[in-house]
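Peer 1: sequence first, then the predicted structure, then my questions.
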Amino acid sequence: MKRDDIDNINEENTDDKIEYDLLDTVDSQLLYEVQLELAEEILDEVNGTDKKCIEDYAAAGSLLESSAERGIDDCRWHYLTARLYYDTGKLTSALEELEWCDKHGGLDDDGEVLLKVCVNDINSLGGLYTEYEHTQVMEYITKKFGSISMMLPDPHPTHIYTEIAVIDQMEESPFKLLVTIGMGANRMKIPEAASSYSSERIELVMFLDQKSSSDVIAEACSLLRSLSKLPSESGEPILHGQLYSYDGPVFDSMPYRFCMITDPLIFAHRSFNTLSLGGNDEDTVCFLAVIPLYDEEADYRKDNGPDDLIKRLHSTDWILTPNRPNRCAGYVETEEVKIYGEQIDRASELGIGKYCMASKYIPIDGKEVMFMVRVYPELFGEDENDGEMSGWMFFSKEEDPTIFLDPSSLRLEEINKVCSIDPGIVPYLTMPFGTKLIRRYKGGEFIPVNDDADKDDGGKLPS
């Protein structure tokens, strides 16, 4: 082959390379424009709401990031990036992008509006975490709760700006978490009586089913944000055990009309929910859980306090699901007596007296029966043949010891009421006078206090 032939081949290859480069340029420009069109379409659809935003914001961010090299001098790219920053709560970054567009003459009427709104939002915000505090909170959440997969902005910021961190747990975990960030930047006024166990700064946590729909996530975010603004609007702090009621269901697809604030006991340790800012134990942020409740659970909480209700709840009840078990199903409040479930006429069914004696902790507080003893009716001034007194006396283990020395301090109750509160006593009600039974633990079976007890003593209480 001659030298001229080699040169001719090289010239042909060079022309081909130039043609391919031109095609690559055209293709990359087309790809860039398609990426911006898709990003804009996503942002228009989401429009700053919580619905469907987890996947959509991530997709828009990926499109803008992959086109950043070509878009660095493009006003449209900067404007769309500003919209993404604004919708995801990064107001300062959004303002920087908008100011760049304004400087380079790239803001249309919508851009001018967004610029003014962004400036107003930044100026209207009250207490905010410092950059160092915000970093601490973010790092703490990541360390204690899990990696943050998405930050959801506050679509209606006022004097408090509440972002929501979305934490997707590992695949085998049954829940994901929503955690507020920003509520704790504003200190609450804590009553002196609660100062020993409450923090002036709190953030709120909700546990959601891993498969929760975008609508449920949006409703949960709305609930968290409304709660986060309550202390500043009402002047009342949010504390462990507080109960909040709503006119209708908190979630459209679920029956809960109440929610309660409590420590996130799903983590089983107090140290998991308190952050010391700057290592200062006097300046802490406490993370409290929000648990939606059924009406009966809320009634039980009102009558018995939050701690008693928490004992009834299982760890999985902290996770928001549409059909979790109602742990106080059938609980009904009357003026004085709390009744569980349907009342059945056990007295007639079993052929025993209609009345019994019970400590107040059973008919009023709904406690389980832990002691039961059947004494002769004469002890209460009634002849056995009258048949109205069953002879049964019921105790809960909550009583003052002196109650056993003074039967007059007990309450006369219908035995059917006690049976409705604790159906576990029913199998024993036909046992003879003199029977003395005890439960060693709640929900357990009754056993005789003394196997050698004299069934004719009839008047002695368990010792």
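Peer 2: Cool, got the structure. Numbering: from 1, shown residues only.
Peer 1: tell me where the stretch 1-150 of the chain has strands.
Peer 2: With DSSP state E, counting those that start in this stretch as the criterion, the stretch 1-150 of the chain has strands at 148-152.
Peer 1: low-confidence stretches in it?
Peer 2: Along the stretch 1-150 of the chain, the parts satisfying pLDDT under 70 run over 1-27, 47-54, 89, 122-127.
Peer 1: in the stretch 1-150 of the chain, which spans are helices?
Peer 2: If DSSP state H, counting those that start in this stretch is used as the criterion, the helices of the stretch 1-150 of the chain fall at 3-46, 53-66, 68-71, 75-87, 91-103, 109-124, 131-144.
Peer 1: low-confidence regions, the stretch 251-400 of the chain specifically.
Peer 2: Scanning the stretch 251-400 of the chain for pLDDT under 70 picks out the ranges 264-273, 332-343, 380-387, 400.
Peer 1: make it 50
Peer 2: Residues of the stretch 251-400 of the chain meeting the criterion pLDDT under 50: 266-271, 334-339, 384-385.
Peer 1: just to revisit the earlier point, can I get the helices of the stretch 1-150 of the chain in JSON lines with distance to residue 441 and mean neighbour count?
Peer 2: Bear in mind the C-beta positions are built from the backbone N, C-alpha and C, glycine included. JSON lines is the format used below for these (distance: least, C-beta to C-beta, whole Å; neighbours: other C-beta atoms under 10 Å):
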{"stretch": "helix 3-46", "distance to residue 441": "53", "mean neighbour count": "12"}
{"stretch": "helix 53-66", "distance to residue 441": "45", "mean neighbour count": "18"}
{"stretch": "helix 68-71", "distance to residue 441": "64", "mean neighbour count": "14"}
{"stretch": "helix 75-87", "distance to residue 441": "54", "mean neighbour count": "23"}
{"stretch": "helix 91-103", "distance to residue 441": "56", "mean neighbour count": "18"}
{"stretch": "helix 109-124", "distance to residue 441": "57", "mean neighbour count": "14"}
{"stretch": "helix 131-144", "distance to residue 441": "33", "mean neighbour count": "15"}
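Peer 1: turn those into JSON lines, including distance to residue 312.
Peer 2: Below are the helices of the stretch 1-150 of the chain laid out as JSON lines (distance: least, C-beta to C-beta, whole Å):
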{"stretch": "helix 3-46", "distance to residue 312": "40"}
{"stretch": "helix 53-66", "distance to residue 312": "33"}
{"stretch": "helix 68-71", "distance to residue 312": "53"}
{"stretch": "helix 75-87", "distance to residue 312": "41"}
{"stretch": "helix 91-103", "distance to residue 312": "43"}
{"stretch": "helix 109-124", "distance to residue 312": "43"}
{"stretch": "helix 131-144", "distance to residue 312": "26"}
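Peer 1: among these, which is nearest residue 429?
Peer 2: helix 131-144 (50.9 Å; C-beta to C-beta).
Peer 1: the closest one versus strand 148-152: what angle between them?
Peer 2: Here the directions of helix 131-144 and strand 148-152 differ by 130 degrees (axes from the mean of the first three to the mean of the last three C-alpha atoms, to 10 degrees).
Peer 1: list the buried residues of stretch 199-215.
Peer 2: Using 16 or more other C-beta atoms under 10 Å as the test for burial, stretch 199-215 gives 199-208, 212.
Peer 1: so for it, mean pLDDT?
Peer 2: What stretch 199-215 shows for mean pLDDT is 89.
Peer 1: distance between stretch 221-240 and the chain's centre?
Peer 2: Centroid separation for stretch 221-240 versus its chain: 14 Å, with C-alpha atoms, centre = their mean, to the nearest Å.
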